[in-house]
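Q: structure of the sequence below:
(2 chains)
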Amino acid sequence: MAELRRLLISPKRLVMLLMIAVINLALFSGRCRTERERFDYNRQQRIDWGYEDDYEQKQLETYLTETYPRYLETVQMQSQSQSVLSKLSRDKSQNKFIDRNLTKTAEDYRRLGTVQLEYGENRGIKILLDYRLTDFLLLIAPLLLALELSGEGASAVGALTRSTKRGRVTLTAWRIFAVVLLNAANVLLLYGGNIAFTWYYFGNPGLSRAVQSIPEFQYCPYRLTFGSFFLSASLLKIAALTAAALFFWLLLARLHPVLSWGISALAFGGMYLLSELILPTAKLNHLKFINLFTALEANTFFTEYLNLNWFSYPSGFLTDLLIALTLLLVILTVLVLWLVGWCKPARLGERAERLREIAGKFLSRFQPVHTRFGAEGWKLLIAQRALLTAAAAGLLGWYLWKDISMYRPVSLQMNRIYTQYEGEITAEKIKDADEYLALLEERIETVSTQLEQAVLEEKSPQLIAQLQQSLSEYQEMHELYQKVDKILHNNADYTARTGRDAWFVRDEAYQLTFFESAAERRCCMVLLLFLIFAFSGMAAYDNRYDTRMLLRSTKHGRTGLYLRQLGWIALLSAAGSVGLHLITLLHIRKDSGFSMLHAPAQSLSYLQWIPVSISLRSALIWLMILRFLAAFALSAGIFCISRASRTPQKALLLSMLVFLLPSALNESGVLRLGALDFVHLLSCCKRL
Amino acid sequence: MPNKLEIRHLTKVYGSFRALSDVSFTLEPGVTGLLGANGAGKSTLMKLMTDHMKRTEGEILWNDTDILKMGAKWRALIGYTPQLPGVYDDFSAKRFLYYMGALKGMKRRDIREQTDEMLQAVNLSDNAHKKIGTFSGGMRQRVLLASSMLGRPQVLILDEPTAGLDPEERIRIRNDIAELARDRIVLLATHVVSDIACIAKRVLLLRRGEQIAFETPQALLADAEGKIGEFSGTYEEIRALQAQYPGGELAQHKEEFVLRVAGDPLPEGCRPVTDALTLEDVCHLYLKGDRKYGGAEKTAD
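A: The predicted structure follows:
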């Protein structure tokens, strides 16, 4: 019990768990906002294109009353019809599997005939199903605990605890239990936090509803409610996390560090790649589904239906996974109890140490003497792992870019019209747009009349459908031209009024850059995380062990040292800002190219407040400078906290508390802290 | 003219606590031993000498110029080994020395040459590529010592540089320090009195922030004559006496037990020690209790 208290209720561990939860909330709430914007955008789009407001509701109604019951019937029918077809196949073993699989599938779905489907709030559940970042964040706490536990084995503390009566197997058993409890708390905080947040943000998802009530669970063969689904997914996650932590602990405790890190990287990296790259229907799909990362994701097992082929016998992939996970957990627990608890501490792979020794000696000969600036850079990037942080931020940025990329609406019509009118606004262009708009209005009227007549005269359905389509196309074009015409007139008026040029440019391309959006804020949140993780340890690293006292006794160990550290802060803040801009610049390039960057900034209605004539390029550069200054100011604040902290860990926690927590609360909408919204400061967009 | 480092009426007060009180002495080339119990003000004195903290009163003059006016020029002249439990764990010993060389403003070629030389001097050449985090306490201490000697400073301020070293290493480092001190000032604070006894030209004794003595070891030993005595007897007798003289040092000579005590005058029944007086005895005499050094004269005054 004392060990549980030491490991779990230590302030350090609790703060760490809370901080991971805050990071998760910050990123997840951003995703929810993005999704909400997407829902709203799609809804508006549908309304604009003439669909009814309750379109989604009707779609769901069709699914609940028609699609799903029909699907269940189809499964039973296919089972009979395809069973006949499979008998014609030449591959006998495959044939047997298909036969058995069809029978099993029919049986699995037969019990769902009486399932009661219900309406409810589905948006939060859909987001939860798609969101994977939490799964990776879940891995942090148990792996860190495993690292801590393994470090004790050969140390003086390890020798001390092992010399006591219950310091071996019993203590190890308690520690395994602590790993399980930590994982449970971790899942509750992070995954449970996500569920709670979607509830808060979108409303009650209806935990007692059958999971088949939303189309995403159409293939789920289990009689589950959403409540029991969340519970099952959580248990799967806890089991996967525990297996990962025990595996890591075992390797670190019994192998040389180089070997254990290498094997861990290979095992975890390999499993992740297998879970991502293998197709669900591939022959080796066992490796995809009996996999820690798929277990950690958990949703697949409830939203898909698949039987794995075991020597021509089909077996449900969730059952297979559960058997494999149970076996793995039992084996790992026994191995940890035996090798870590019972056996004397020893590490295999001393040859690796020898190799490292030789390599280290050899490389040491070529070790350069850095300049003071270079040495500070090495200290920050390598010794304090800021390079790893940058790589992680880059990966996260890329993930966001993909996310935003999907969000971008694409319309060929729009592209054509914009290309036609892009550039300086001339009287001819305005006239042309006015004329075309009038022509479109005329055509809409004509087609509407034709359509009314066709309906009245009960003409052929093909003709009515054709007229309806024409009308919808004309309406869409009319809407676009109306928008273009409005911009042309507004900008021409602005020029006439102020004497400052305003051209016609595609404003959508620049919206992501100049407007504050959920997507943009998420990018800023990643930048904030990067700044905190990269710089919070910077000065505290010198405070640890009072090393600063030694540095200050040297000729350049005072102002010179700070200036160089600030130089690196400026450099990395600039790199982070550029990285953030890269995402939006890529969007501009994708949407309109950079051909209109020489256009006046006032061409965009939201930049018409700028009192001097500047180009869009200048406006972009100014925004970049502003954002860089904001990032630099924030980094300097983080550096100040670091300067006042005794250790990098304390500095990190304090920085997260001061900068991340208020921003995360603001971002999630849980608490509005206005001035303390540092994400908003980094974004610098609202003012524009 | 040899360099000199003059400390005049140096005082440091933390709130209401006087860590250092009106300390004055002058250092010249050679080793000066700094002795004192824990909390005597040794580290505070050294921090003031490296200008790491603000002094409350007094002056520190390098060849008659206040070190505060010299700023970075003063720091370019000194080498400092603080009492640290560790330094950058992720640096190799070599990288750490390169870094310290850069901070000391040395040229790259000199850094490379002197790093190899110093690593050899502290017997770390074979471990130069290893991370400091993997080093034992003694090895870390040697890395710090090597770093203080980089750039061949005029003044070496060493705060317990031999702590954690094995006897063989300690003797080697001690000899190296003695060699270095031939043409530079070395202030060596330590609890290992024998280190100072062998190589120190002068000894500075501090007690609760006050300067007790600043003298040659010979003068200190001479002053201690007749003030150190021994009781001998059975274990039980000596244990009974120890309750009376709690500061006494207990030793066993064959079957007989001895309690070595310091006092002026010596307690009754105590046999004065006339030969084989050591600096340990001097420390025993002055650092425990409230005794003042009789012949101590403050050189700066």
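Q: so what's residue A:547 up against?
A: The contact partners of residue A:547, by Cβ atoms under 8 Å, 6 or more residues apart in numbering or on different chains, come to A:541, B:84, B:87-88. The way it works is simple: take the backbone N, C-alpha and C, and place the C-beta from them, glycine included.
Q: check which helix or strand it maps to.
A: Element membership for residue A:547 (DSSP states H and E) is helix A:547-552.
Q: in helices, which of the contacts of residue A:547 fall?
A: Among the contacts of residue A:547, the subset assigned to helices under DSSP state H consists of residue A:541.
Q: so among the contacts of residue A:547, where is pLDDT lowest?
A: Least confident of those in the model: residue B:84, at 79.
Q: circling back: so which of the contacts of residue A:547 belong to strands?
A: Counting by DSSP state E, none of the members of the contacts of residue A:547 fall within strands.
Q: just the CA trace of the helix holding residue A:547, in PDB.
A: In PDB, the C-alpha atoms belonging to helix A:547-552 read as follows (Å, rounded to 0.1, in the frame of the first residue of the first chain):
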ATOM      1  CA  THR A 547      25.800  24.900 -12.000                       C
ATOM      2  CA  ARG A 548      25.000  28.600 -12.600                       C
ATOM      3  CA  MET A 549      27.500  29.500  -9.800                       C
ATOM      4  CA  LEU A 550      30.200  27.800 -11.800                       C
ATOM      5  CA  LEU A 551      29.100  29.400 -15.100                       C
ATOM      6  CA  ARG A 552      29.000  32.900 -13.500                       C
END
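Q: relative to the whole chain's centre, how far out is that helix?
A: Offset of helix A:547-552 from its chain centre (Cα atoms, centre = their mean, to the nearest Å): 41 Å.
Q: sort out which residues of it are buried, please.
A: A:547-552 (16 or more other Cβ atoms under 10 Å in any protein chain shown).
Q: then stretch A:96-116?
A: A:96-102, A:104-106, A:108-109, A:112, A:115.
Q: give me the mean pLDDT for that stretch.
A: The predicted model assigns stretch A:96-116 a mean pLDDT of 83.
Q: residue contacts, residue A:555?
A: Counting by Cβ under 8 Å, 6+ apart, residue A:555 has contacts B:72-73, B:75-76, B:103-105.
Q: likewise for residue B:155?
A: Contacts of residue B:155 were listed using Cβ under 8 Å, 6+ apart, and they are B:3, B:5, B:27, B:62, B:77-79, B:184-187.
Q: now restrict those to buried residues only.
A: Buried members of the contacts of residue B:155, scored by 16+ other Cβ under 10 Å, are B:5, B:27, B:62, B:77-79, B:184-187.
Q: counting neighbours, what do you get for residue 260?
A: All of this refers to chain A. Per other Cβ atoms under 10 Å in any protein chain shown, the neighbour tally for residue A:260 reads 22.
Q: right idea, wrong chain: chain B
A: Residue B:260: 20 surrounding residues under other Cβ under 10 Å.
Q: cool, the one 3 residues further on as well?
A: Residue crowding around residue B:263 was assessed by other Cβ under 10 Å; the count is 16.
Q: for it, which non-adjacent residue is closest in space?
A: Computed as Cβ to Cβ, 6 or more residues apart in numbering or on different chains, the closest residue to residue B:263 that is not its neighbour in sequence is residue B:227, at 6.4 Å.
Q: show me which residues of chain A sit near chain B.
A: Contact residues, chain A versus chain B (Cβ under 8 Å from any Cβ of the partner chain): A:360-361, A:363-364, A:367, A:369-372, A:375, A:378-379, A:382-384, A:541, A:544-547, A:549-558, A:560-561.
Q: again, only this time at 7 Å
A: By the rule Cβ under 7 Å from any Cβ of the partner chain, the part of chain A lying against chain B is A:360-361, A:364, A:367, A:369-372, A:375, A:383, A:545-547, A:549-557, A:561.
Q: out of the contacts of residue B:155, which is nearest to chain A?
A: residue B:78 (6.4 Å; Cβ to the nearest Cβ).
Q: which residues does the closest one contact?
A: Going by Cβ atoms under 7 Å, 6 or more residues apart in numbering or on different chains, residue B:78 touches A:553, B:50, B:153, B:155, B:157.
Q: how about the residue most central in space within chain A: what's its closest non-neighbour residue?
A: Central residue of chain A (Cα atoms, centre = their mean): residue A:133, 4.6 Å from the mean position. Closest residue to residue A:133 apart from its sequence neighbours, by Cβ to Cβ, 6+ apart: residue A:27 at 5.8 Å.
Q: same check, this time on residue A:258
A: Nearest non-adjacent residue to residue A:258, counting by Cβ to Cβ, 6+ apart: residue A:352, 4.5 Å away.
Q: now residue A:270: how far from chain B?
A: Residue A:270 sits 28 Å away from chain B, going by Cβ to the nearest Cβ, to the nearest Å.
Q: got a list of contacts for the helix or strand hosting that residue?
A: For residue A:270, the element it lies in under DSSP H and E is helix A:257-277. Outside of helix A:257-277, the residues within contact range by Cβ under 7 Å, 6+ apart are A:248, A:251-252, A:255, A:287-288, A:291-294, A:349, A:352, A:356.
Q: how about TSV for the residues you listed, with neighbour count, pLDDT and secondary structure added?
A: Output for these, formatted as TSV (neighbours: other Cβ atoms under 10 Å in any protein chain shown; pLDDT from 0 to 100; DSSP: H, G, I helix; E, B strand; the rest coil):
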residue	neighbour count	pLDDT	secondary structure
A:248	25	94	helix
A:251	20	91	helix
A:252	25	89	helix
A:255	20	87	strand
A:287	16	85	helix
A:288	23	85	helix
A:291	21	89	coil
A:292	24	91	helix
A:293	20	91	helix
A:294	24	91	helix
A:349	17	75	coil
A:352	17	74	helix
A:356	15	82	helix
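Q: closest to chain B out of these?
A: Ranked by distance to chain B (Cβ to the nearest Cβ), the contacts of helix A:257-277 are led by residue A:356 at 9.6 Å.
Q: how about that closest one, what does it touch?
A: residue A:258.
Q: where does chain A have low pLDDT?
A: Across chain A, the ranges flagged by pLDDT under 70 are A:48-50, A:82-94, A:153-154, A:402-411, A:592, A:686-688.
Q: domain-wise, how is it divided?
A: Using automatic domain parsing, the domains assigned to chain A come out as A:2-53+A:115-367, A:425-498, A:507-683.
Q: starting at the chain centroid, how far to the first one?
A: Centroid separation for domain A:2-53+A:115-367 versus its chain: 15 Å, with Cα atoms, centre = their mean.
Q: now the residue nearest to the centre of chain A: how far from residue A:528?
A: 16 Å (Cβ to Cβ, to the nearest Å).
Q: stretch B:108-119 near chain A anywhere?
A: Yes - applying Cβ under 7 Å from any Cβ, one finds stretch B:108-119 touching chain A at B:108, B:111-112.
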